[in-house]
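Q: Give the three-dimensional model of this entry:
(chains A, B and C)
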Amino acid sequence: MNQPVPALEIKRLTASYSAKPVLWDVDATFPAGRMSAIVGPNGAGKSTLLKACLGLVPVDAGQVTIDGRPAKSALDRVAYVPQRDAVDWDFPITVGEVVEMGRYPSVGWLRRVRKEDRRIVAECLERVGMSAFAGRQIGALSGGQRQRVFIARALAQQAPLLLMDEPFAGVDARTEVALLELLGGLRDEGRSIVVVHHDLGTVRSFFDWALLLNVRTIAQGPVGETIVAEQLRRAYGATAAAKTSDDGLEELAWAR
Amino acid sequence: MTADDLTVIVTAGLVATACGLLGPFLVLRRQALMGDAVSHAVLPGIVATYLLLDTRAPLPVILGAGCFAVVCVLGIDALRATKLVAADAAIGLVFPALFALGVLGIQRYAAGVHLDLDSTIYGEIAFAPFRTWIFGPVEVAQSIVVNGLVALANLAFVYFVWKELKASSFDPEFSRTVRISPALLGRLLLGMVAVTAVTAFESVGAILVVTLLIVPAATAHLLTDRLVTLVGLTVAIGWICAGAGYGGALAADASIAGTMGLVAGVLFGGALFAAPKHGVLARARRRRVAQRTVAAPAPG
Amino acid sequence: MGSLIDLWPLNYTDSVVATGALLLGVAAGVLGTFAVLRGRSLVGDALAHAALPGVCVAFLVTGAKDPATLVAGAACAGIVGAFAMVGIERSTRIKPDTAIGVVLSVFFSLGIVLLTAIAAGDNANQAGLERYLFGQAAGLVEADVNLMAFLAAGSLGLVVAGFRPLKTTLFDPAYAGATGLPVRALELAMTGFLVVAVVIGLRTVGAILMVAMLVTPAVAARQFVARLALLLPLAGAVGAFVGVTGALLSSRAEVPTGPVIVLVGFTVVGLSILLAPGRGVAWRAGLLRRERRRALVDGVLLDLEIASHGGPPPTQAELALGSGRPERALRRGVRVLHARGWVKDEGGRLVLTAPGADAAHDLVARRDEWSAWLEHGWRLRLPDAREPDPRDVRGSLGSEAADRLAAFRAEAAA
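A: From the prediction side, this is the model:
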């Protein structure tokens, strides 16, 4: 049988800070051309999993393949949207310049940005509806607009796989839905998207595939089979224990 | 204005250029005080070069001092890496120790000979016109040649790694994923700061180097939201400090380096209050407008 | 102070210097600790530089060089500098480190301008103001030491009197504010402590090196104790030791006191960071090495156990391929297993011995217990806030809890 190559595949990944394992023998597969969510309680190792895939944190054991190639040699096929808490919003930089950073890997060290790159930047800004803001300083934007800028930067990398770490933290519900629809559009164009996400409600309505993680892989598969009360209770434990109604799911979504 | 006056101003202006090209990045990376640390830590290198090689020629001194600048940066990094010492405390531990070493060296072995402690701090920029090199028919002050070369080197550095410096200063996490190592760029930047500090230290003294690395960049940061403009403004402010500072020092018969620093302080104070968007007055005005809008309900 | 000065087995001048260094060490050690714990170590650097123009102005205004006047000038300038720093930081986009740098360099520039202006004027009395730049302990007289003692005693008295509110504010300003403490005033007091410490030390170690006196004792003491009530006196003691040792060494070698004190302090910090029990670099390096080795050996043992289930015992190369471990690490792990007698070599294939198989099963059982905790731990009601050790759930939670976890697991599997 000719099985399609998954966008991202993780085999027996183990990572630890001193003695306590953060990720333990994690196996995960994210299919190409889908929108996948990584879901799990606080401290489940979700962000660490993404960083481990990109080689940003040391790993004790395991293999990561991107498009069937070892992750190390396939980093140009990934665009990463990190968490935003460390950024200095007073930095003297415009929206256009931030998005332009997405072109840096293809421009290469020491070289200047080309005309062609600027065209791509303009396109990506257009795609996320931020063209009118290209000349603004990054700090003058709202939280949702900033997130659009970082999505545009990831788009500018023109990578088929998009990894995003909690992109909707600190974004209001209306904007979250708008951004999710935007991501859905990108998926429909053939990109693979993996998002660390905490809102179980929107996972069910917007994502195709989910990995439930709590240090180990609890469950993975199509959202309809993964994000079900029984599995969630296994992953979230105590949070779910307080909710014993027939469909704990909705309440869980609010409890998070 | 005599040729000697011009030599002093141009020397200071070149130091201001060299510092002004790097200062904005130090300020934006929250490493402003690393400039302070490195500028002080080079003293033992200068002393050691003098004691071992019996010379004050620029090149050996720069090499010797450069070694100690590297020791300073690596020492601070190592202390931080233990996670037993906070980042700022690490700075406060390492550079005084190195500076103390230099002071001891001067006072024990080199007192009154050719090195004198005061001049390392205030600098002896007034002597810049007296040490010259002769290239064919022209006689040029050594300080102009040396600081000019450093300013050029810094310009080349900032020009060639502009986008890498920008990306790694703004978003280190992201820049690691696109193979622009923030740690590597941080080291390169501090390396250039060290070279700048060493050469400038020789001609203008430590305190003016620290001032020119931090204060013009902080002033410019209050005035603009564009990185290119920020760097350009910083250099321009540096030249104003050089010119106005020299004039002021002549008028008041006071330390040249000190007066230049003071001009930088006055300009910073001006920007602090009057900067069009980010100054104290502008902020207060915005707050007042906001309050009035809330207080007065919209008509109709 | 006369009595304290007489206690030293030294000549009069050296005794005065040693007493001064002792007072400076205690005061800077205790008062500097607050700055270090608040993450503002370098504020002391700025304040020390800022004190210089104060000294000059005091001299220009009064024309006198008596220590009390100059100290008052230094203190005023320090306070102005402190307010300038806080003001810049609070009211604009300038970050704290840049604010420190701006205040430091501008005030110091002003100080140098004033110094040179004073030197240019023909005031016969002006010589010696440069001492405040680099410090000159040898010039200390009994009057200086008396003033230092007065300031040190006063500020240490305030620390003792206000210990509890200071501690609360230091640890959690928001909570301190909620309980009705005057947080702003207390934070101001801590900055005030720094100003006092600076003016005590300025004459002895000078503006540029003063920051080391503030930071060194706190950092060294912190490696050994974790409670503020112990940290403050220990920092004072470290400061005293560093000060006196430096003063004695420098008078013996006839070199300036300030730099020697700073270098002694740096040595003390270096040694404590390296050797502090339970925390130092040497101790943690050992721990990390043992942990890594243990993780490696456990991992290789499990790989081997898994590999030998699926077929014939693997060769080392097969094992490397299956586990994805680097060849070198794998070889090291196998060597340890050999040494323990857990594995033997049969014609190039690695075979688990009986004790080896037992160890592997034990390891699997322990990991299963941890898995069970991750999955079902929420259903356990534990008597207290104990948390499991991933390697030894049974040992850390107790047998009863471990048995119930096993039961939950069996129930889930059924």
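
Q: Show the contacting residues for B:Val85.
A: B:Val85 makes contact with B:Leu79, B:Leu93, C:Val219, C:Ile273 under the criterion C-beta atoms under 8 Å, 6 or more residues apart in numbering or on different chains. For every residue, glycine as well, the C-beta is placed using N, CA and C.

Q: right, and out of those, which lies closest to C:Ala84?
A: C:Ala84 lies nearest to B:Leu93 out of the contacts of B:Val85, by C-beta to C-beta, at 25.1 Å.

Q: CA atoms of the helix or strand containing the closest one as PDB?
A: Of the helices and strands defined by DSSP states H and E, B:Leu93 is found in helix B:87-105. What follows is helix B:87-105, C-alpha atoms only, in PDB (Å, rounded to 0.1, in the frame of the first residue of the first chain):
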ATOM      1  CA  ALA B  87      22.600  38.400  35.300                       C
ATOM      2  CA  ASP B  88      23.100  41.900  36.700                       C
ATOM      3  CA  ALA B  89      25.000  40.600  39.700                       C
ATOM      4  CA  ALA B  90      27.400  38.800  37.400                       C
ATOM      5  CA  ILE B  91      28.300  42.000  35.700                       C
ATOM      6  CA  GLY B  92      28.800  43.700  39.100                       C
ATOM      7  CA  LEU B  93      31.200  40.900  40.200                       C
ATOM      8  CA  VAL B  94      33.400  40.600  37.100                       C
ATOM      9  CA  PHE B  95      34.200  44.000  35.900                       C
ATOM     10  CA  PRO B  96      35.200  45.600  39.200                       C
ATOM     11  CA  ALA B  97      37.500  42.600  39.800                       C
ATOM     12  CA  LEU B  98      39.200  43.200  36.400                       C
ATOM     13  CA  PHE B  99      39.300  47.000  36.900                       C
ATOM     14  CA  ALA B 100      40.800  46.500  40.400                       C
ATOM     15  CA  LEU B 101      43.500  44.300  38.800                       C
ATOM     16  CA  GLY B 102      44.300  47.200  36.400                       C
ATOM     17  CA  VAL B 103      44.400  49.800  39.200                       C
ATOM     18  CA  LEU B 104      46.800  47.700  41.200                       C
ATOM     19  CA  GLY B 105      49.000  47.100  38.200                       C
END
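
Q: and that helix, what other elements does it pack with?
A: In this structure, helix B:87-105 makes packing contacts with helix B:32-41, helix B:43-53, helix B:58-81, helix C:183-222, helix C:257-275, judged by 3 or more C-beta pairs under 8 Å, 6 or more residues apart in numbering or on different chains; DSSP states H and E.

Q: Pick the one among the contacts of B:Val85 closest to chain A.
A: Checking the contacts of B:Val85 against chain A with C-beta to the nearest C-beta, the nearest one is C:Ile273 at 19.1 Å.

Q: Excluding residues flanking it in the chain, which one is nearest the closest one?
A: Nearest-residue entry for C:Ile273: B:Leu84, 5.4 Å, with adjacent residues in sequence omitted and distances by C-beta to C-beta, 6 or more residues apart in numbering or on different chains.

Q: ok, now how distant is that neighbour from A:Pro222?
A: Here B:Leu84 is placed at a distance of 49 Å from A:Pro222 (C-beta to C-beta, to the nearest Å).

Q: all strands of chain B, in order?
A: Ranges of strands within chain B are B:132-135, B:138-141, based on DSSP state E.

Q: Mind giving me the packing neighbours of the last one?
A: Think strand B:138-141. For strand B:138-141, where contacts count as 3+ C-beta pairs under 8 Å, 6+ apart, the packed elements are strand B:132-135.
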